[in-house]
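S.K.: kindly return the folded structure for what I paste below:
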Amino acid sequence: MGRFFLVTSIICMVLCIGCGTVSPTTIPSNLPEFIASNATLSNTNAPTIAVDQQAPDLFWTYADGHQEQLSSLQGQRVVLNFWATWCEPCRSEMPTLAALDGHDVRIIGINKGQQLAVIPPFAKELNVHFTLVSDPDGTVSTVYGARNLPTSVFINRTGQIVAIHIGVLSTAALQLQLERIP
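M.R.: Numbers count the residues shown, from 1 in each chain. Sure thing, here's the model as predicted:
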């Protein structure tokens with residue numbers, strides 16, 4: 001009886017782990033144009049980041065099938081912001097980030113450890129229209145050192161990491177970090 005229960009439990013766990021996941025090639029076509037699926041590292045062996053090193057390249061896929069890559073944003077100042085829908089501090093800084101996106105800075109919000117389906121309602125609720133990308137397995141978040149949320153990584157125009165900020169970004173803190181990026 002004990003062995004039967006153990007085998008049954010293992011089978012149930014395996015089946016449950018596979019439930020509710022979004023395949024990297026299955027992206028709902030009705031997503032808003034600024035929401036993308038499955039942040040993926042270009043180099044799966046990328047080491048954890050540090051200031052003054054080149055940002056590990058990553059890419060994401062939009063509902064229309066086109067991909068965008070972090071390295072293609074060279075020439076722009078970039079803020080990678082790691083967040084989750086359940087994170088109240090993340091929610092509080094979203095309007096600050098949204099206000100600066102497109103003003104000589106590109107904001108990329110990477111959702112840590114949640115499924116793609118939670119992002120559109122969150123974006124609508126907070127009126128966010130900058131790029132939001134799912135990282136359902138947390139691989140990108142781990143390499144970028146986003147253990148605590150929110151975490152923001154500031155990248156200069158040449159793709160180098162110039163600062164890492166853990167915690168809520170006030171308008172003043174965000175402006176200060178951006179002033180440090182030429």
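
S.K.: and Glu68, which of the three is it?
M.R.: For Glu68, the reduced secondary structure class is strand; criterion used: DSSP: H, G, I helix; E, B strand; the rest coil.

S.K.: what's the neighbour count on it?
M.R.: 16 (other CB atoms under 10 Å). Bear in mind the C-beta positions are built from the backbone N, C-alpha and C, glycine included.

S.K.: any idea of the pLDDT on the nearest residue to it once chain neighbours are set aside?
M.R.: Once its chain neighbours are removed from consideration, Glu68 has its nearest residue in Trp60; the separation is 5.9 Å (CB to CB, 6 or more residues apart in numbering). pLDDT recorded at Trp60 is 96.

S.K.: now do Asp135
M.R.: Reading off the per-residue confidence, Asp135 sits at a pLDDT of 97.

S.K.: distance of it relative to Ile108?
M.R.: Taking CB to CB, to the nearest Å as the criterion, Asp135 is separated from Ile108 by 11 Å.

S.K.: kindly report the same for Pro89.
M.R.: In this structure, Pro89 and Ile108 are separated by 18 Å, where distance is defined by CB to CB.

S.K.: got it, and Ile181?
M.R.: Shown here: Ile181 relative to Ile108, a distance of 15 Å by CB to CB.
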